[in-house]
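J.: Return atomic coordinates for the entry below.
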Amino acid sequence: MEKSVNHKKDIAFVLDTRTVNKTKKHYVLEANDTQKENLKKFFELPAIKNLSFEFDVFLNKDCIEINGILKAVVTQKCVVSLNEFDEKINEGVRLLFTEDEALYQSLLKTEDFSLEDEDVELIEKGKIYFYDLVQEQLGLALNPFPKKTDEAFSYYELKAEEVKENPFSVLKHLTK
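T.: Have a look, this model is predicted:
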């Protein structure tokens, strides 16, 4: 398979599916400062220092296939100490897209097809929106419980408060 190189500088890239064929096209998308700021707010992160998505796209049988690597350097807060630290993300991504709804439904119903192995998306209006795709993949790559490697979890036993006497217990002796 031939491979052509296309460089884009913006993750808001929109791919027209009519341009995809069996020839691999290589793209490098990088988030600009505004996009990093928006994603930082969306994910409630202290900072996103770097974010890029490098991938190949080609037609594989009846599906458009995207194989790539999402790279990022994000600042997160440690769940133990609440100190901020940088974390590198280097996540492989493989996605399949199809415009054929019947094929999409049949893939979902196939017994040997697992959604854990491959992510199949239905394309609407012949466009793949990479801002949304990068946002989704970044969300999947982020550690939901970020912890510095040198921080240790401490488990504290909760002490039960002494059971206080019922204030109405003094009235017990007033029964007839």
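J.: Using CSV, write out the CA atom coordinates for the helix ranked longest in the chain.
T.: Longest helix in the chain, counting residues (DSSP state H): helix 130-141. Provided in CSV are the C-alpha atoms of helix 130-141 (Å, rounded to 0.1, in the frame of the first residue of the first chain):
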residue,chain,number,x,y,z
PHE,A,130,-11.3,15.0,14.7
TYR,A,131,-11.8,17.4,17.5
ASP,A,132,-14.5,15.2,18.9
LEU,A,133,-12.5,12.1,18.2
VAL,A,134,-9.4,13.4,19.9
GLN,A,135,-11.5,14.6,22.9
GLU,A,136,-13.0,11.2,23.3
GLN,A,137,-9.7,9.4,23.0
LEU,A,138,-8.0,11.8,25.5
GLY,A,139,-10.9,11.2,27.9
LEU,A,140,-10.4,7.4,27.6
ALA,A,141,-6.6,7.8,28.1
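J.: what does it contact?
T.: Applying Cβ atoms under 8 Å, 6 or more residues apart in numbering, the external contacts of helix 130-141 come out as 11-15, 29, 31, 35, 39, 42-43, 51, 53, 70, 72, 89, 91, 93, 95. (Glycine included, C-beta is placed from N, CA and C.)
J.: Now the buried members of the residues you listed.
T.: Among those, those buried by neighbour count (16 or more other Cβ atoms under 10 Å) are 11, 13, 15, 29, 31, 35, 39, 51, 53, 70, 72, 89, 93, 95.
J.: Could you list which of the residues you listed belong to strands?
T.: Judged by DSSP state E, strands contain the following of these: 15, 29, 51, 53, 70, 72, 89, 93, 95.
J.: Output those in TSV, with distance to Phe168 and pLDDT appended to each entry.
T.: Shown next, in TSV, are these (distance: Cβ to Cβ, whole Å; pLDDT from 0 to 100):
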residue	distance to Phe168	pLDDT
Leu15	72	92
Leu29	69	96
Leu51	62	97
Phe53	66	97
Leu70	63	97
Ala72	61	97
Ile89	59	97
Val93	64	94
Leu95	65	92
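J.: Pick out the most distant pair among the buried ones among the contacts of helix 130-141.
T.: Largest separation among the buried ones among the contacts of helix 130-141 by Cβ to Cβ: Leu15 and Ile89, giving 22.4 Å.
J.: circling back to that earlier point, nearest to Lys148, of the buried ones among the contacts of helix 130-141?
T.: When the buried ones among the contacts of helix 130-141 are ranked by distance to Lys148 (Cβ to Cβ), Ile89 comes first, at 15.8 Å.
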